[in-house]
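*Asks:* Okay, here's the prediction I keep looking at, along with the sequence it came from:
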Amino acid sequence: MEGPMIVTIPYETPSKKNSRIVDRRTGRTFPSKPYREWHGKASLWLKTHYTLPSLGEGPFRLSFAFIHGTMARCDSDNKVSSILDLLTDLGVIPDDRWQVVREIIVSNGYEKGQPSVTVQIEAV
């Protein structure tokens, strides 16, 4: 991997953990419809705007710069988990376990109506 890989996703990142649907018959949980819709939109955005190589086995440092479009209360760690799952599903990183993702850096900002997240991935 030569230099960091940097991508920006122009959507508010939902939490996969906090908005799960429970199947009352089985007790199993599933991601909510808004999360699934975001995952589809974000996947399509990344595939059409970036070349997404498999970055190998790691280890990696990931930096997340969130720009929130509203002042609503939210947890950055849940948003990070959503993006780690997205990057894993797209094959960019092999997994989000600690042996692969060694360091996570998170920053947050606000720009009314202009949510996004910029992710930087670099080898460590």
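*Replies:* That came through fine.
*Asks:* residues in contact with I83?
*Replies:* Residues in contact with I83 (C-beta atoms under 8 Å, 6 or more residues apart in numbering) are 9, 13, 64, 117, 119. Where you see a C-beta, it was placed from the backbone N, CA and C, and this is true even at glycine.
*Asks:* tell me which residues of the host helix or strand of it are tucked away?
*Replies:* Element membership of I83, judged by DSSP states H and E, is helix 76-89. In terms of neighbour count (16 or more other C-beta atoms under 10 Å), helix 76-89 has its buried residues at 76, 79-84, 86-88.
*Asks:* Can you give me every residue that contacts the nearest residue to E12 once chain neighbours are set aside?
*Replies:* Sequence neighbours aside, P115 is the residue nearest to E12 in space, at 3.8 Å (criterion: C-beta to C-beta, 6 or more residues apart in numbering). By C-beta under 8 Å, 6+ apart, P115 lies in contact with 10-13, 66-70.
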